[in-house]
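A.B. asks: Prediction below, plus the sequence it came from.
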Amino acid sequence: MKTPGRASGPDASDTSELTRLIGFSDAFFPIVITLLVIEIHRPEAPPGGLGRALLEAWPSYAAFALAFVYVGVIWLNHHGLFRSVTRIDTGLNWINLGILGTAALIPFPTGVLAEALQSGNTDDQRAAVILYGFFAAMMSAAWIPIFPYLERHRERLA
(Lines give C-alpha, C1' and ligand atoms only; values in the text may rest on other atoms or scores of the structure.)
Protein backbone atom coordinates (compact mmCIF):
# COMPACT_ATOMS: atom_id res chain seq x y z
CA MET A 1 0.00 0.00 0.00
CA LYS A 2 1.36 3.41 -0.95
CA THR A 3 1.61 5.99 1.83
CA PRO A 4 0.33 9.43 0.73
CA GLY A 5 3.15 11.93 0.32
CA ARG A 6 5.83 9.22 0.20
CA ALA A 7 7.61 8.14 -2.92
CA SER A 8 7.76 4.47 -3.77
CA GLY A 9 10.06 2.62 -6.10
CA PRO A 10 13.69 3.51 -6.83
CA ASP A 11 13.36 7.16 -5.77
CA ALA A 12 11.79 6.35 -2.39
CA SER A 13 15.16 6.07 -0.66
CA ASP A 14 16.35 9.39 -2.15
CA THR A 15 13.17 11.14 -1.00
CA SER A 16 13.48 9.64 2.47
CA GLU A 17 17.14 10.66 2.78
CA LEU A 18 16.43 14.20 1.59
CA THR A 19 13.57 14.47 4.09
CA ARG A 20 15.92 13.30 6.84
CA LEU A 21 18.61 15.82 5.86
CA ILE A 22 16.15 18.71 5.76
CA GLY A 23 14.47 17.60 9.00
CA PHE A 24 17.81 17.32 10.78
CA SER A 25 18.94 20.70 9.47
CA ASP A 26 15.65 22.42 10.32
CA ALA A 27 15.85 21.05 13.87
CA PHE A 28 19.47 22.11 14.15
CA PHE A 29 18.97 25.87 13.67
CA PRO A 30 16.59 26.33 16.64
CA ILE A 31 19.20 24.61 18.82
CA VAL A 32 21.83 27.13 17.70
CA ILE A 33 19.40 29.96 18.50
CA THR A 34 18.76 28.42 21.92
CA LEU A 35 22.51 28.39 22.56
CA LEU A 36 22.57 32.08 21.63
CA VAL A 37 19.92 32.81 24.25
CA ILE A 38 21.99 30.99 26.87
CA GLU A 39 24.78 33.50 26.18
CA ILE A 40 22.52 36.30 27.51
CA HIS A 41 23.50 36.30 31.17
CA ARG A 42 21.29 37.57 33.95
CA PRO A 43 22.96 40.62 35.44
CA GLU A 44 24.05 40.62 39.05
CA ALA A 45 22.70 43.69 40.77
CA PRO A 46 22.32 44.95 44.30
CA PRO A 47 18.77 45.53 45.55
CA GLY A 48 17.26 48.41 43.64
CA GLY A 49 19.91 48.25 40.91
CA LEU A 50 18.32 45.73 38.57
CA GLY A 51 17.00 48.31 36.10
CA ARG A 52 20.42 49.88 35.68
CA ALA A 53 22.12 46.47 35.42
CA LEU A 54 19.67 45.41 32.72
CA LEU A 55 20.35 48.58 30.76
CA GLU A 56 24.11 48.08 31.10
CA ALA A 57 23.73 44.58 29.66
CA TRP A 58 22.69 46.03 26.28
CA PRO A 59 25.72 44.46 24.52
CA SER A 60 24.35 40.98 25.28
CA TYR A 61 21.01 41.90 23.74
CA ALA A 62 22.66 43.52 20.71
CA ALA A 63 24.98 40.53 20.16
CA PHE A 64 22.01 38.16 20.42
CA ALA A 65 20.00 40.21 17.91
CA LEU A 66 22.93 40.30 15.48
CA ALA A 67 23.56 36.57 15.76
CA PHE A 68 19.83 35.72 15.61
CA VAL A 69 19.54 37.55 12.29
CA TYR A 70 22.76 35.91 11.10
CA VAL A 71 21.52 32.40 11.95
CA GLY A 72 18.16 33.28 10.41
CA VAL A 73 19.83 34.27 7.14
CA ILE A 74 21.82 31.03 7.16
CA TRP A 75 18.62 29.04 7.67
CA LEU A 76 16.80 30.95 4.92
CA ASN A 77 19.69 30.34 2.52
CA HIS A 78 19.80 26.67 3.48
CA HIS A 79 16.03 26.37 3.06
CA GLY A 80 16.12 28.11 -0.32
CA LEU A 81 18.96 25.98 -1.63
CA PHE A 82 17.54 22.65 -0.52
CA ARG A 83 14.13 23.44 -2.02
CA SER A 84 15.80 22.88 -5.39
CA VAL A 85 17.61 19.67 -4.37
CA THR A 86 15.72 16.49 -5.17
CA ARG A 87 18.30 13.82 -4.34
CA ILE A 88 21.21 13.65 -1.93
CA ASP A 89 24.26 11.49 -1.54
CA THR A 90 27.13 11.15 0.91
CA GLY A 91 29.01 14.10 -0.59
CA LEU A 92 26.06 16.43 -0.17
CA ASN A 93 25.54 15.17 3.38
CA TRP A 94 29.17 15.97 4.26
CA ILE A 95 28.92 19.45 2.76
CA ASN A 96 25.71 20.03 4.72
CA LEU A 97 27.42 18.90 7.92
CA GLY A 98 30.18 21.44 7.25
CA ILE A 99 27.59 24.21 6.96
CA LEU A 100 25.82 23.09 10.12
CA GLY A 101 29.10 22.62 11.98
CA THR A 102 30.21 26.17 11.34
CA ALA A 103 26.74 27.47 12.25
CA ALA A 104 27.01 25.62 15.58
CA LEU A 105 30.09 27.70 16.42
CA ILE A 106 28.29 31.06 16.17
CA PRO A 107 27.24 31.24 19.86
CA PHE A 108 30.90 31.23 20.97
CA PRO A 109 32.09 34.40 19.20
CA THR A 110 28.73 35.99 19.97
CA GLY A 111 29.29 35.53 23.70
CA VAL A 112 32.88 36.75 23.43
CA LEU A 113 31.71 39.84 21.53
CA ALA A 114 29.00 40.63 24.10
CA GLU A 115 31.46 40.37 26.99
CA ALA A 116 34.06 42.49 25.19
CA LEU A 117 31.50 45.20 24.44
CA GLN A 118 30.50 45.26 28.11
CA SER A 119 34.11 45.44 29.25
CA GLY A 120 34.70 48.78 27.55
CA ASN A 121 38.26 47.72 26.70
CA THR A 122 38.93 48.64 23.07
CA ASP A 123 41.68 46.02 22.68
CA ASP A 124 39.27 43.29 23.82
CA GLN A 125 36.54 44.70 21.58
CA ARG A 126 38.86 44.69 18.58
CA ALA A 127 39.92 41.10 19.29
CA ALA A 128 36.28 40.04 19.67
CA VAL A 129 35.29 41.65 16.37
CA ILE A 130 38.21 39.91 14.64
CA LEU A 131 37.17 36.60 16.21
CA TYR A 132 33.57 37.13 15.08
CA GLY A 133 34.79 37.96 11.58
CA PHE A 134 36.95 34.83 11.52
CA PHE A 135 33.97 32.64 12.43
CA ALA A 136 31.80 34.46 9.88
CA ALA A 137 34.45 33.76 7.23
CA MET A 138 34.47 30.08 8.22
CA MET A 139 30.68 30.01 7.89
CA SER A 140 30.85 31.61 4.46
CA ALA A 141 33.62 29.24 3.35
CA ALA A 142 31.51 26.25 4.36
CA TRP A 143 29.05 27.16 1.58
CA ILE A 144 31.68 27.28 -1.15
CA PRO A 145 31.82 23.52 -1.91
CA ILE A 146 28.09 23.10 -2.40
CA PHE A 147 27.82 25.14 -5.59
CA PRO A 148 30.51 23.39 -7.67
CA TYR A 149 29.24 20.08 -6.26
CA LEU A 150 25.70 20.73 -7.46
CA GLU A 151 27.07 22.02 -10.77
CA ARG A 152 28.83 18.66 -11.28
CA HIS A 153 25.76 16.71 -10.08
CA ARG A 154 22.87 18.48 -11.80
CA GLU A 155 20.81 15.29 -11.58
CA ARG A 156 20.34 16.13 -7.89
CA LEU A 157 18.52 19.37 -8.71
CA ALA A 158 14.87 19.92 -9.58
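C.D. replies: Thanks, I have the structure now.
A.B. asks: count of neighbours near residue 78?
C.D. replies: If you count neighbours by other Cβ atoms under 10 Å, residue 78 ends up with 21. Yep, even glycine has a C-beta here, placed from its N, CA and C like the rest.
A.B. asks: How about the contacts made by it?
C.D. replies: Shown in contact with residue 78 (Cβ atoms under 8 Å, 6 or more residues apart in numbering): 25, 29, 99.
A.B. asks: Of these, just say which sits nearest to residue 88.
C.D. replies: Lowest distance from residue 88 to those (Cβ to Cβ) belongs to residue 25, with 11.1 Å.
A.B. asks: can you tell me the helix or strand for the closest one?
C.D. replies: helix 12-38 (DSSP states H and E).
A.B. asks: Buried ones in the next helix or strand after that helix, by neighbour count?
C.D. replies: Where DSSP H and E defines the elements, the next helix or strand beyond helix 12-38 is helix 50-56. By neighbour count on 16 or more other Cβ atoms under 10 Å, the buried set for helix 50-56 is empty.
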